[in-house]
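*Asks:* requesting a structural model of the entry that follows:
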Amino acid sequence: MRWLEADGGRSFLRALPVLSGSAPLFEIGDAPAEPLPLFTDWIEQAAQAGVPEPHAMTISTVDAEGLPRARVLILKAIDRDGWHFAASSASQKGRDLSAHPAAALTFHWPEVVRQVRVVGAVVNDGAQASAADFLGRPIGSRAMALTLRQSEPLVDPAEIDAEIEKAHRKLADDPELVPEEWVSYAVQPTQLEFWQGSPDRKHQRLSYQRVGDGWERTQLWP
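*Replies:* Just a heads-up that it's a prediction; the model follows:
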């Protein structure tokens, strides 16, 4: 099957397999009262099933003009304070979060036919957590972050090598250097949805909605 311009690729896309993974047993009635333990069970099961990079997530934000933007980042931790990730406040996503401090996270694990969506306000974890995250990154990652050039127009590719070399010199002079722009963020969820697909399209969907200090669980139509 090849991509056909005549139909905009519809025949090619329709022929691709979907919902081809193997879903573990999921009894909605046995789901916990709050979402955190269910999420940790699901991400562990995804890892055990061989899902590559199960901690990779799509983070969606809204910029100052109200336009949505999405990109894939790595989840750093999950605890009672939220779902944690890190980024430069000078990057596009950092600017988006400054304008609109809220985000949606989407996890997609095709091998187990599951998705999870997390929606909520985004807060700064503080200087100590931000520094710990930055210093825990590989040296190459820290050097690239120190350039503070992410998303800027690139006129000459040679600029990259020059800026990274400069950043490596800074790190050699000060191994504990942490740019003030580096921020550990946390999404504090108010809504989560757990989705498990089925070939007959009778998908299972479980929604958690924050109500006061607790959670309200609702099973949704597929």
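*Asks:* what's the pLDDT at residue 157?
*Replies:* pLDDT for residue 157: 89.
*Asks:* okay, buried residues for the biggest strand by length in the chain please.
*Replies:* Secondary structure of the chain per DSSP state E: the longest strand is strand 182-196. Buried residues in strand 182-196, counted by 16 or more other Cβ atoms under 10 Å: 182, 183, 184, 185, 186, 187, 189, 192, 193, 194, 195, 196. For the C-beta atoms, the positions are set from N, CA and C on the backbone; glycine is no exception.
*Asks:* mind listing the strands that strand pairs with, and their directions?
*Replies:* Strand 182-196 has the following sheet partners, assigned by DSSP bridges: strand 82-88 (antiparallel), strand 114-124 (antiparallel), strand 204-211 (antiparallel).
*Asks:* figure out how far the helix or strand following the first one is from the centre of its chain.
*Replies:* Using DSSP states H and E, the next helix or strand after strand 82-88 towards the C-terminus is helix 92-99. The chain centroid and the centroid of helix 92-99 are separated by 15 Å under Cα atoms, centre = their mean, to the nearest Å.
*Asks:* after helix 92-99, which helix or strand is next? Please name it.
*Replies:* That would be, after helix 92-99 and using DSSP H and E, strand 102-109.
*Asks:* tell me the average confidence for that next one?
*Replies:* Rounded mean pLDDT across strand 102-109 is 98.
*Asks:* so how far is it from its chain's centroid?
*Replies:* 5 Å.
*Asks:* let me see the contact set for the one residue sitting closest to the centre of the chain.
*Replies:* The residue lying closest to the centre of the chain (Cα atoms, centre = their mean) is residue 57, at 2.8 Å. By Cβ atoms under 8 Å, 6 or more residues apart in numbering, residue 57 lies in contact with 72, 73, 74, 75, 85, 105, 106, 107.
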